[in-house]
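**Student:** Based on what follows, work out the 3D shape:
(3 chains)
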Amino acid sequence: MPGLHNETLLFLCSGLGIIPLAGLMGRATEHLARRLGQGLGGLLNATFGNAAELVIALMALNKGLLGVVKASITGSIIGNVLLVFGASALAGGLKFRELKFNRTAVQTSTTSLVLAAIGLLIPTVFHYSAQVRPRGWSPQMEQRLSLAIAVVLFGTYLCSLVFSLHTHRHYFGNPAEHSAEEETDEPAWSRAKAVIVLSLSTCLVAFLSEFLVGTVEATREKLGVTEVFVGIIIVAIVGNAAEHSTAVWVATKNKMDLSLGIAIGSSLQIALFVAPLLVFVSYAFGRPMDLEFTIAEVVAVIVTVHIVAEICNDGETNWFEGVQLLAVYLILAVLFYFLPAAPS
Amino acid sequence: MPGLHNETLLFLCSGLGIIPLAGLMGRATEHLARRLGQGLGGLLNATFGNAAELVIALMALNKGLLGVVKASITGSIIGNVLLVFGASALAGGLKFRELKFNRTAVQTSTTSLVLAAIGLLIPTVFHYSAQVRPRGWSPQMEQRLSLAIAVVLFGTYLCSLVFSLHTHRHYFGNPAEHSAEEETDEPAWSRAKAVIVLSLSTCLVAFLSEFLVGTVEATREKLGVTEVFVGIIIVAIVGNAAEHSTAVWVATKNKMDLSLGIAIGSSLQIALFVAPLLVFVSYAFGRPMDLEFTIAEVVAVIVTVHIVAEICNDGETNWFEGVQLLAVYLILAVLFYFLPAAPS
Amino acid sequence: MPGLHNETLLFLCSGLGIIPLAGLMGRATEHLARRLGQGLGGLLNATFGNAAELVIALMALNKGLLGVVKASITGSIIGNVLLVFGASALAGGLKFRELKFNRTAVQTSTTSLVLAAIGLLIPTVFHYSAQVRPRGWSPQMEQRLSLAIAVVLFGTYLCSLVFSLHTHRHYFGNPAEHSAEEETDEPAWSRAKAVIVLSLSTCLVAFLSEFLVGTVEATREKLGVTEVFVGIIIVAIVGNAAEHSTAVWVATKNKMDLSLGIAIGSSLQIALFVAPLLVFVSYAFGRPMDLEFTIAEVVAVIVTVHIVAEICNDGETNWFEGVQLLAVYLILAVLFYFLPAAPS
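**Tutor:** The predicted model follows:
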């Protein structure tokens, strides 16, 4: 590929390299979770399930690429719900006429997604409302508003863990156990092995993320697309490839609860855990990040949350609902492809 | 009526003339569908069910009245869902305490409506996002964006046909057969008769549409209302009068599945089949039409889709839900009545 | 409290004084309702249930504080749904794993809330659409539009009374009777006693509202918050304190139907009865009020209605859904706290 810029090549390689490593991080987390028992293990799974995205976002945050960080947040939410759940429903629906799942458990999750969408919408509403008012708008006010919202979202996340791992865990089954059992017949790794694999793969992901993030700018220019488009595509593909394949695979076995748990659970974690955490960390890095997203991103998250709530509220799905979700993903991808870059 | 301008009179007459012809087109389509058997017949019904609106819109497109074409699209969606379904639920609900319907089938349709609303929303989001950005916004980008979205919507429509006519047709029953059987005891027309009636009525509708569209401008000025108001009222009344009366009539017989199939099915066809087709045809006519609607139209479609999804998600309706739908229609009609014309 | 301005003290005292009086108005209304029998009594309850808020709003309207009046409308809707229902679900959910309620009855109410949100959204859409158009926008057009919408909302409210008190009253039970029976063992008051208590407490509320409203401006400045923030907080706390405590109390007894009837019913009454009535009365006062709200208020109402519809559509709730509702309330409170005042 002579026409490809070296930086673009580096970008591609580091992206491709992260995919299996992210999968390894996920597997090590699951094995460790099994060793730790249900309570602590569930917590670990729920917290480290999106560690790869978190590492990539931290690298981008450290470089001050706030646009990429935010795009990776919205991209993860959209990608998991529309692309992963859509592909799962399509793949599973081609084999089974109807795919049933536990409506109550999923509804709790879609309501949390609605809450997350509200949390991401409000700073943008604030921005556009405040800037036309006499006393005006300042970045400091927006940061404090975003920090307060991040605290509320994070608090809700902690409550959701109490709900799903403790008071109402009978709704949710235990995805970690199921998936490990079903996917492989391999025995659980020892605690030491799991810790070592998790540490090593995390370091390697961090290392590759360094390159990935460092070459975003050059690649973006080379391909003639925007930062937001790169953020949304990279994360939806690179950061979530492992979850993606697992979710589709279990859907073809008619285990839609597990598949939805991965797809929607992943989106939720990004919105209620990773996004607030990035806000908190950004203060530690000394360059506070707010939660103001572009109107296009906010609209994308809202329509995503809306259509998934609509699709999930009857406790079953089919191949055509998968097509509908993928159609929304395509429409949003088209929007971000054509949308020129925001002023920086 | 001496004060009435001649052109306004012509507008009225051609509008009134189209109503029975549109009904005839519908009946001929149904008879032909019965002759063609379930698969092909269902396809014909699904595709030609809104042929009258399509013919009117093509005439307006040919004259370059893009505002009227777009208003007729939103007006058809709003009118079918709010006016036709609302009147059906009210009329049926005054006779029966509860009107039950197949929740799963209807939910697939309302989800498609959500998808359609997203498709119509995104070009507007693009417009307002892009115009404040440095690289700016151009009509060409908007047309390409709209074309891409039209392709996605059209593809989803084709999938929905496979779903409703093939893989999951047990959800939907066969509206064509039912309605023909129930409404009349007349025997099915011969294939030749159906084809001839269909061809003749289509030609006559096209002929009258020519006058209708030609006098829109003069009538609009005469009555002191906007193009959008005319578009939304004409189509909701003229183009859909036949469906309207059938849907209300079957609702009073507690056949709510059929009634909803007509009302929501018609809206869906407009959004996923007629609108994309008009975009494709506009390229053939050499004056590309985009799918950017005014904010008022987008809001109208979104609230319509939202309230119908809310009402349908429990599988039953009653007279008060009919009142609620009609109240939303009235509120939207008031909005479009007061809203001044957009800059052309 | 030496640092407190006298006016702020008066504001606080009159606010605190209204709370028990509003409770007394509610009790007198209920006792009178029981004496009047089911039909007329239900009507009285439905109409005078929010008499305290109405009195406060009328006083503010009379003083020309339209911003406070509008904020009290949105604040009541948001407060009742998010704060009252949220606290009820949380308190009840800590005692019972699942709190069940009649899905059909609640869905009718949440659909009416959606309708109300549409009614409050449209004047704002009109404002922003019309002002960028050649023929422009005038306060008169907006007032006429608002008046038309108020008529539609009021008409829907009358229909909802026919629905809940007459044609479909079996859905709703009889909240008045239940609550009176359960809360107290005291015998029903005589008709005379109820009328006298109702009249006296209403007069006293009006008297205190005079002070409350008269000191809003000074308090607002003293505390450094906006009119909208005061309006939203005052009404959510002061005007609804009585309903609030009753709704939470019955939720802890697993009577979620009654609790929801109070919380959502109260919001509905504000949106479909009090708000239109205030528009009508404003014409009598000679200073017409429109229904245009700020974008922040419209968004707050829409997200509130959206999340409550999402939570109610399965007919059961739990403590975590209470947390989700309260989280949305907190996020909105943060928004209104930081948002600078609108230009007056």
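
**Student:** Tell me how many other residues surround the residue nearest to A:T215 when sequence neighbours are not counted.
**Tutor:** If the residues on either side of it in the chain are set aside, A:T215 comes closest to A:F11, at 4.0 Å by CB to CB, 6 or more residues apart in numbering or on different chains. Every residue, glycine included, has its C-beta placed from N, CA and C. Neighbourhood size, A:F11 [other CB atoms under 10 Å in any protein chain shown]: 26.

**Student:** Could you say which helix or strand holds A:F11?
**Tutor:** In this structure, A:F11 sits in helix A:6-36 according to DSSP states H and E.

**Student:** what helices or strands is the next helix or strand after that helix leaning on?
**Tutor:** Using DSSP H and E, the helix or strand that directly follows helix A:6-36 along the chain is helix A:38-48. Helices and strands touching helix A:38-48, by 3 or more CB pairs under 8 Å, 6 or more residues apart in numbering or on different chains; DSSP states H and E, are helix A:6-36, helix A:139-162, helix A:175-183, helix A:256-269.

**Student:** ok so, going back, just the pLDDT at the residue nearest to A:T215, thanks.
**Tutor:** Looking at A:F11, its pLDDT reads 86.

**Student:** show me what contacts it?
**Tutor:** A:F211, A:L212, A:T215, A:V216, A:A218, A:T219 (CB atoms under 8 Å, 6 or more residues apart in numbering or on different chains).

**Student:** Drop anything exposed from the residues you listed.
**Tutor:** Among the contacts of A:F11, those scoring as buried are A:F211, A:L212, A:T215, A:V216, A:T219 (criterion: 16 or more other CB atoms under 10 Å in any protein chain shown).

**Student:** Show me which of those is closest to A:L147.
**Tutor:** If you rank the buried ones among the contacts of A:F11 by distance to A:L147 using CB to CB, A:V216 comes first, at 26.2 Å.

**Student:** OK, contacts around the closest one?
**Tutor:** Counting by CB under 8 Å, 6+ apart, A:V216 has contacts A:F11, A:A60, A:L65, A:V68, A:E227, A:V230, A:I234.

**Student:** Of those residues, which is the nearest to chain B?
**Tutor:** A:E227 (12.4 Å; CB to the nearest CB).

**Student:** Quick check: the residue nearest to A:T215 vs A:G17, distance?
**Tutor:** Distance from A:F11 to A:G17, counting by CB to CB, to the nearest Å: 11 Å.

**Student:** for A:P288, same thing?
**Tutor:** Distance from A:P288 to A:G17, by CB to CB: 31 Å.

**Student:** Specify the local secondary structure of the closest residue to A:A130 other than its chain neighbours.
**Tutor:** The shortest distance from A:A130 to any non-neighbouring residue, by CB to CB, 6+ apart, is to A:W137 (3.8 Å). Following DSSP: H, G, I helix; E, B strand; the rest coil, we place A:W137 in the coil state.

**Student:** Now do the contacts for the closest residue to A:L44 other than its chain neighbours.
**Tutor:** In this structure, A:L44 finds its nearest non-sequential neighbour in A:A33, 4.8 Å apart by CB to CB, 6+ apart. Contact analysis of A:A33 by CB under 8 Å, 6+ apart lists A:L40, A:G41, A:G42, A:L44, A:N45, A:A176.

**Student:** Ok, A:F285 next?
**Tutor:** A:F285 neighbours (CB under 8 Å, 6+ apart): A:L61, A:N62.

**Student:** hang on, the earlier thing: among the contacts of A:F11, which lie within helices?
**Tutor:** Using DSSP state H, A:F211, A:L212, A:V216, A:A218, A:T219 are the members of the contacts of A:F11 that sit in helices.

**Student:** and of the residues you listed, the nearest to A:T124?
**Tutor:** Out of the ones in helices among the contacts of A:F11, the member with the shortest distance to A:T124 (by CB to CB) is A:V216, at 23.4 Å.

**Student:** related to what we said a few turns ago, and the contacts of A:A33, which are buried?
**Tutor:** Applying 16+ other CB under 10 Å to the contacts of A:A33 flags A:G41, A:G42, A:L44, A:N45, A:A176 as buried.

**Student:** count of residues packed around A:S112?
**Tutor:** 29.

**Student:** Which residues of the stretch 201-344 of chain A lie near chain C?
**Tutor:** With the criterion set to CB under 8 Å from any CB of the partner chain, the stretch 201-344 of chain A comes near chain C through A:A309, A:N313.

**Student:** so where's the stretch 201-344 of chain A uncertain?
**Tutor:** A:234-236, A:343-344 (pLDDT under 70).

**Student:** Chain B contacts on that one?
**Tutor:** Within the stretch 201-344 of chain A, the positions adjacent to chain B are A:294-296, A:299, A:303, A:306-307, A:310-311, A:313-314, A:316, A:318-321, A:323-324, A:327-328, A:330-332, A:334-335, A:338-343 by CB under 8 Å from any CB.

**Student:** how close does A:V248 sit to A:E53?
**Tutor:** 19 Å.

**Student:** Those two: which is more packed in?
**Tutor:** For A:V248 and A:E53, the more surrounded residue by other CB under 10 Å is A:E53, and the numbers stand at 28 against 22.

**Student:** Report how many residues lie close to the residue in chain A positioned nearest to chain C.
**Tutor:** When scored by CB to the nearest CB, chain A has A:R135 as its residue closest to chain C, at 3.7 Å. Using other CB under 10 Å, A:R135 has 13 neighbouring residues.

**Student:** can you check A:P134 too?
**Tutor:** 9.

**Student:** quick one on the thing from earlier: which members of the residues of the stretch 201-344 of chain A next to chain B are classed as buried?
**Tutor:** A:294-296, A:299, A:303, A:306-307, A:310-311, A:313-314, A:316, A:318-321, A:323-324, A:327-328, A:330-332, A:334-335, A:338-340, A:342.

**Student:** picking up where we left off before, per-residue pLDDT, the residue of chain A closest to chain C?
**Tutor:** 70.

**Student:** For it, which non-adjacent residue is closest in space?
**Tutor:** Of all residues not flanking A:R135 in the chain, C:P340 sits nearest, at 3.7 Å (CB to CB, 6+ apart).

**Student:** Give me the three-state assignment for the one you found.
**Tutor:** coil.

**Student:** if I read this right, it contacts C:V225, doesn't it?
**Tutor:** No. Using CB atoms under 8 Å, C:P340 is not in contact with C:V225, being 10.4 Å away.

**Student:** now, which of the ones in helices among the contacts of A:F11 sits nearest B:T29?
**Tutor:** A:T219 (52.9 Å).

**Student:** Now do the contacts for that closest one.
**Tutor:** By CB under 8 Å, 6+ apart, A:T219 lies in contact with A:H5, A:E7, A:T8, A:F11, A:V230.

**Student:** Surely the last one is in contact with A:V69?
**Tutor:** No. Contact status for A:V230 versus A:V69: not in contact, 12.0 Å apart, counting by CB under 8 Å.

**Student:** overlap in contacts of these two?
**Tutor:** With CB under 8 Å, 6+ apart, A:V230 and A:V69 have no common neighbours.

**Student:** how about whichever strand or helix holds A:L278: buried residues?
**Tutor:** With elements taken from DSSP H and E, the one containing A:L278 is helix A:275-284. Buried residues in helix A:275-284, counted by 16+ other CB under 10 Å: A:A275, A:P276, A:L277, A:L278, A:V279, A:S282.

**Student:** Please tell me how far A:M256 sits from B:T108.
**Tutor:** Distance from A:M256 to B:T108, by CB to CB: 17 Å.
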